[in-house]
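Participant: 3D, please:
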Amino acid sequence: MNKWNVQCSNHDPYIYYAFQAVEVTNDVNLWAEKETNGLIKEILSPGSVNNLTRLIFANALYFKGAWNQPFDPSKTKYYDFHIHNGSSVKVPFMTSKKDQFIRAFDGFKVLCIPYEQGGDKRRFSMYFFLPNAKDGLSLCHSKVKVGDFRIPRFNVSFGLETSNMLKELGVVSPFSRGSLTKMVDYPNQDLYISHIFH
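Facilitator: Sure thing, here's the model as predicted:
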C-alpha cells in the first residue's frame, strides 16, 4: 500500500492528512526537479494537495533554448538595474557589442533576441521592452548597431492554475464527477479532475 492510500487511524484525521499532503507534495516536486535537471523545482504549491486528493497525474516539460548568438560569459559585468519604485540593485548583465534586432518607439525600444533554430525548423525569439525612462514604460524588423548592449542575466518561471480556462474553452467533461472512473482502476470513487497546475 503506498503512502497516499493509507487509511486514518484514531488520530485527528485533519492533522494526519495534512502531514500526508505535505509529504505527497514534496514527493511530486522532487520528482519534477529530478526530471528537469533542477530547472523546475515546484509543480505543486503548498495547499494544492489535501485529504480529498486521490490521484496526481504529472509530467514535466521545459524549454531550454540557446541564443543564436551566445553571450560571452567573460563579458558579464555588474551594473545598476533600476526598479520601478525608484531604487536600484547591482545585478550581472550579459553584454554584447554585436548588431541586434531592435526597433525604437515613442518612449521605449523593443529588442528581439533569436534562439538557435532547432531540428524541427521552428524559430523562437525573446522580446524585451526597454523603456527610455528609468521608472518604466510611460516589432523588431531589422538589425542595427546598438553600441554597448547589456541585459541582466535572468531566469523566467511562472505557475498557473488552468482548470477554469479550460472550462471556458468548453473542456468540461474531465471536471465532472465520475469522468475518470473508467480510466483509472480505483474502487468506489467518482474520480474527476479538480485542478490543473502549470
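Participant: for the chain, give me the ranges with low pLDDT.
Facilitator: Counting by pLDDT under 70, the chain contains low-confidence ranges at 1-19, 60-62, 135-144, 149, 156, 158, 181-182, 184-189.
Participant: domain map for it?
Facilitator: Here the domain parsing of the chain from automatic domain parsing is 1-62, 73-152, 162-198.
Participant: redo these as JSON lines? Include mean neighbour count.
Facilitator: From N, CA and C alone the C-beta is placed, and that goes for glycine too. Shown next, in JSON lines, are the domains of the chain (neighbours: other Cβ atoms under 10 Å):
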{"stretch": "domain 1-62", "mean neighbour count": "13"}
{"stretch": "domain 73-152", "mean neighbour count": "13"}
{"stretch": "domain 162-198", "mean neighbour count": "12"}
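Participant: contacts only, for residue 46.
Facilitator: Going by Cβ atoms under 8 Å, 6 or more residues apart in numbering, residue 46 touches 22, 25.
Participant: and it, how close does it get to residue 124?
Facilitator: 33 Å (Cβ to Cβ, to the nearest Å).
Participant: residue 164 belongs to a strand?
Facilitator: No. Checked against DSSP: H, G, I helix; E, B strand; the rest coil, residue 164 lies outside a strand; its state is helix.
Participant: distance of it from residue 157?
Facilitator: When distance is defined by Cβ to Cβ, residue 164 is 21 Å away from residue 157.
Participant: once you drop chain neighbours, what's closest to residue 132?
Facilitator: residue 107 (5.5 Å; Cβ to Cβ, 6 or more residues apart in numbering).
Participant: residue 101 belongs to a strand?
Facilitator: Yes. Checked against three-state DSSP, residue 101 lies within a strand.
Participant: so is the residue lying closest to residue 29 once chain neighbours are set aside in a helix, a strand, or just coil?
Facilitator: Leaving out its chain neighbours, the residue that sits closest to residue 29 by Cβ to Cβ, 6+ apart is residue 42, at 5.0 Å. Under the three-state scheme (three-state DSSP), residue 42 adopts coil.
Participant: residue 42: what's it in contact with?
Facilitator: Neighbouring residues of residue 42 by Cβ under 8 Å, 6+ apart: 29, 32, 159.
Participant: which of those fall in helices?
Facilitator: In helices, defined here by DSSP state H, the members of the contacts of residue 42 are 29, 32.
Participant: distance to residue 23 for the contacts of residue 42 - can I get that in TSV?
Facilitator: Formatted as TSV, the contacts of residue 42 follow (distance: Cβ to Cβ, whole Å):
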residue	distance to residue 23
29	11
32	15
159	20
